[in-house]
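>>> Kindly return the folded structure for what I paste below:
(one chain, ligands or ions: 1)
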Amino acid sequence: MITASEAKKRLKEGNQRFVSGVRSIDTIVKQIQRAEFVIHQEPFAIVLGCSDARVPAEIIFDQGLGDLFVIRVAGNIVAPSQVGSVEFAVERFGTPLVVVLGHSMCGAVMATIDDLENPSKDKSSNVLSIVNRIRPTVEPLFDTELRNDPGKLLESSIHANILAATNHLMHGSHLLEQLVQRGDLEIIGAEYSLETGEVVFFE
Ligand SMILES: [Zn+2]
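Reported below is the predicted structural model:
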């Protein structure tokens, strides 16, 4: 298995291809070699990203079958099933890198801000289970002067939500924490721009 920094390099190069509008021949070849992945996979990165239709990890990183272990949930939140999915992939495949991938104009973060502005009692409890995970991160920002600048408030909230999810993954699992401490795993945040197609890693 490659190292975390090699994995990051591969993702960055793939994203550059995506931004330039080209696809790697590897990505297409892997699609033809589908049968080879029936009993084997060796994903070099785990991506915990938002469900947003405009942010599909395999496409924006130009990767093929078997390359990425992807967990998608609205708002790229971290709940026990997400932690479990990451633990599973790390243990099973020895994947060295986890990327928590948020994005500009995230609807889940917008819904959280909206809920702080207009608390409503008739929201579905299932939707609230997502909003309630984002709220503790957004609320302190909402209580500052950022409240008067909706664009900045959204940007800062998206950034803070990615960092909170990254932090939660790092410290919400004994297994992941140990692997990070031993230098066998890197967990990093990143933000995708809907406007430019670029992914910026938080380094
Ligand atoms: Zn989103």
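>>> Count the neighbours of residue 187 for me.
Residue 187 sits with 25 neighbouring residues when counted by other CB atoms under 10 Å. For the C-beta atoms, the positions are set from N, CA and C on the backbone; glycine is no exception.
>>> Quick check: residue 12 vs residue 171, distance?
Per CB to CB, to the nearest Å, residue 12 is found 26 Å from residue 171.
>>> distance between stretch 9-19 and the chain's centre?
Relative to its chain's centre, stretch 9-19 lies at 16 Å (CA atoms, centre = their mean, to the nearest Å).
>>> What of stretch 34-42?
24 Å.
>>> and if you look at stretch 181-189?
Chain-centre distance of stretch 181-189: 15 Å, with CA atoms, centre = their mean.
>>> And stretch 142-157, by the same measure?
The answer for stretch 142-157 is 22 Å, by CA atoms, centre = their mean.
>>> Going by neighbour count, list what's buried in that stretch.
142, 146, 153, 154, 155, 156, 157 (16 or more other CB atoms under 10 Å).
>>> list the contacts for the nearest residue to the second one once chain neighbours are set aside?
In this case it means residue 146. Distances taken as CB to CB, 6 or more residues apart in numbering put residue 153 closest to residue 146, at 4.3 Å, once the chain neighbours are dropped. Shown in contact with residue 153 (CB atoms under 8 Å, 6 or more residues apart in numbering): 113, 141, 142, 146, 147.
>>> what about the helices in this structure?
Counting by DSSP state H, one finds helices in the chain at the ranges 4-20, 25-32, 57-60, 80-93, 107-117, 125-142, 150-171, 174-181.
>>> what angle do the longest one and helix 174-181 make?
On the basis of axes from the mean of the first three to the mean of the last three CA atoms, to 10 degrees, helix 150-171 is oriented at 100 degrees to helix 174-181.
>>> ok, helix 150-171 near the ion or not?
No. Helix 150-171 is not in contact with the ion by CB under 5 Å from the ion; minimum separation 8.2 Å.
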